[in-house]
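K.L.:
Return atomic coordinates for the entry below.
(one chain, ligands or ions: 2)
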Amino acid sequence: MELSPIANLQTIHYGRLSDGDKDEAAKLFKAANVDGFFYLHLQGSAFAALTEDIEDVFALSKALFDLSEEEKLRYDIDMLGKLKLNGYKPVGRNFGGMSARAILSLPATVTASSGVKGNRDGFESYTVLNLLLSSLSTSLGLPPEASLTRLHRNSAPSPDILRLLHYLPQPASETGTPQTPHTDLGSLTLLCTKSPGLQVLAPHSKEWAHVLTKAGCAIVNIGDGLSLLTGNLLHSCLHRVGPPPGRAMEERYSLAYLQRTEDDVRMETLPGIKVSGIDAGSSSDGNAAEVYTSKGWLEKKFGMLRRETWKEGSEGAKILTGRADGIGV
Ligand SMILES: O=C(O)CCC(=O)C(=O)O
Ligand SMILES: [Fe+2]
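P.N.:
Residues are numbered from 1 along each chain as shown. Ligands and ions are numbered 1, 2, ... in the order given. Below you'll find the model as predicted:
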């Protein structure tokens, strides 16, 4: 079936970036500045397996989601911790009755508070996203000692998560979107899926655009964290998952790695950003005067989700993301 409109996203080649290709770096910055979403071409690179072997991950994901609800609820995400970093989130939790997806979150880092030295080393998605952070830092004019990678060190505790998502097939009579429009809370999200369904709302657009999957590519998007740290120079874009118009949602699996800043980072515009021709604006619009640490920001956010304050209008979103159009999750 014809999907329309299709999101016209840039494709960034990982191999070219890691070879230091300046044109590719400029293309990455533009995609992060304008669209907030792009394809990351991994085929032929050391990280090709992230997309090539994804069916194995989905087989594992299916086996986990096929466990009984009772078994899965022994790992209820809201029982295991405050920040929804670990555990099973059943369909419908926090995001209204329409939500027809379940989530299993696995912490991507072992934090210092668990008594084990934090370590994201060897975690491929982390390595891949770090190269993007490094390239974006150069484009932002940040000197190496102030690089964004210094706020995402593998030795420091951070609330990164690896998320397995299972979207249940909807009955034919139901055609709503199982995933509420949202922006991502963290720095960068790396998404792997073989199924369509992702939709983005481009800045200044009123129409949701369909993101098609692309062979050999993961999909990467900017989160609210990078928007705050760069005075909105890097753009976190509203997105959702839903069926084609007039249809019901088919069963769908996806895998998302949400990279987030270290716990102690202050979530405000970084000094020293210099991009010729563009100004880094303020990360707040006057209503979000309080600056949180990354950890405090997340706690505040998830406290609000628990109380379902998102139902009470856009104020919660504004406090936490500096903008009124998205709830970061
Ligand atoms: O499943 C997808 O394609 C998107 C998932 C997503 O937006 C998220 O986990 O934040
Ligand atoms: Fe998302």
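K.L.:
Closest residue of the stretch 151-300 of the chain to ligand 1?
P.N.:
Ser254 (3.5 Å; CB to the nearest ligand atom). Every residue, glycine included, has its C-beta placed from N, CA and C.
K.L.:
Which residue, other than its chain neighbours, is closest to that residue?
P.N.:
Spatially, and ignoring its direct neighbours in sequence, Ser254 is nearest to Thr193 (3.8 Å; CB to CB, 6 or more residues apart in numbering).
K.L.:
cool, and Glu69?
P.N.:
Pro90 (7.1 Å).
K.L.:
quick one: that neighbour from ligand 1, how far?
P.N.:
Pro90 is 15 Å from ligand 1, where distance means CB to the nearest ligand atom, to the nearest Å.
K.L.:
By mean pLDDT, flag the weakest helix or strand of this protein.
P.N.:
For the chain, using mean pLDDT, DSSP states H and E, the weakest element among its helices and strands is helix 315-321, scoring a mean of 52.
K.L.:
just to revisit the earlier point, so the residue of the stretch 151-300 of the chain closest to ligand 1 sits right up against Thr189, yeah?
P.N.:
No - Ser254 is beyond contact range of Thr189, at 10.8 Å (criterion: CB atoms under 8 Å).
K.L.:
Next up, phi/psi of Leu298, please.
P.N.:
Phi and psi for Leu298, reported as degrees, to the nearest 10, are phi -70, psi -40.
K.L.:
if we can go back for a sec, wait, what's in contact with the residue nearest to Glu69?
P.N.:
If a contact means CB atoms under 8 Å, 6 or more residues apart in numbering, then Pro90 has Glu69, Lys72, Leu73, Asp76, Ala102 as its contacts.
K.L.:
near ligand 1, which residues of this structure?
P.N.:
Contact residues, the chain versus ligand 1 (CB under 6 Å from any ligand atom): Arg163, Leu165, Asp184, Leu191, Thr193, Leu198, His239, Val241, Ser254, Ala256, Val329.
K.L.:
quick one on the thing from earlier: among the contacts of Pro90, which ones are in helices?
P.N.:
Glu69, Lys72, Leu73 (DSSP state H).
K.L.:
From those, pick the one nearest ligand 1.
P.N.:
Lys72 (17.8 Å).
K.L.:
Burial check on the closest residue to the closest one other than its chain neighbours, number of neighbours?
P.N.:
Nearest residue to Lys72 in three dimensions, chain neighbours excluded: Tyr88, at 4.4 Å (CB to CB, 6+ apart). Tyr88 has 24 neighbouring residues, counting by other CB atoms under 10 Å.
K.L.:
which residues of the stretch 101-250 of the chain score low on pLDDT?
P.N.:
Residues of the stretch 101-250 of the chain that meet the criterion pLDDT under 70 lie in 101-123, 175.
K.L.:
90 instead, please
P.N.:
Scanning the stretch 101-250 of the chain for pLDDT under 90 picks out 101-127, 153-165, 167-182, 185, 202-206, 242-250.
K.L.:
ok now stretch 177-192, how far from the chain's centre?
P.N.:
In terms of CA atoms, centre = their mean, to the nearest Å, the centre of stretch 177-192 is found 4 Å from the chain centre.
K.L.:
same thing with stretch 248-256?
P.N.:
On CA atoms, centre = their mean, the centre of stretch 248-256 falls 16 Å from that of its chain.
K.L.:
now do the same end-to-end measure for that stretch.
P.N.:
23 Å (CA to CA, to the nearest Å).
K.L.:
buried ones in it?
P.N.:
The neighbour-count check on stretch 248-256 (16 or more other CB atoms under 10 Å) flags Ala248, Met249, Arg252, Tyr253, Ser254, Leu255, Ala256 as buried.
K.L.:
Including secondary structure and distance to Leu129, could these go into a markdown table?
P.N.:
A markdown table is the format used below for those (DSSP: H, G, I helix; E, B strand; the rest coil; distance: CB to CB, whole Å):
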| residue | secondary structure | distance to Leu129 |
| --- | --- | --- |
| Ala248 | coil | 34 |
| Met249 | coil | 28 |
| Arg252 | strand | 23 |
| Tyr253 | strand | 21 |
| Ser254 | strand | 17 |
| Leu255 | strand | 14 |
| Ala256 | strand | 12 |
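K.L.:
Which member of these is positioned nearest Thr51?
P.N.:
Nearest to Thr51 out of the buried residues of stretch 248-256 is Leu255 (CB to CB; 10.1 Å).
K.L.:
wait, doesn't that closest one sit right on His166?
P.N.:
No - the pair Leu255 / His166 is not scored as a contact, 10.6 Å apart, by CB under 8 Å.
K.L.:
could you dump the helix or strand hosting Leu165 to PDB, C-alpha only?
P.N.:
Per DSSP states H and E: Leu165 is located in strand 161-167. This file holds the C-alpha atoms of strand 161-167, laid out as PDB (Å, rounded to 0.1, in the frame of the first residue of the first chain):
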ATOM      1  CA  ILE A 161      18.500   1.700  28.300                       C
ATOM      2  CA  LEU A 162      18.100  -0.900  25.700                       C
ATOM      3  CA  ARG A 163      14.500  -1.200  25.000                       C
ATOM      4  CA  LEU A 164      12.700  -4.200  23.300                       C
ATOM      5  CA  LEU A 165       9.300  -3.100  22.000                       C
ATOM      6  CA  HIS A 166       6.400  -5.400  21.000                       C
ATOM      7  CA  TYR A 167       3.400  -3.800  19.300                       C
END
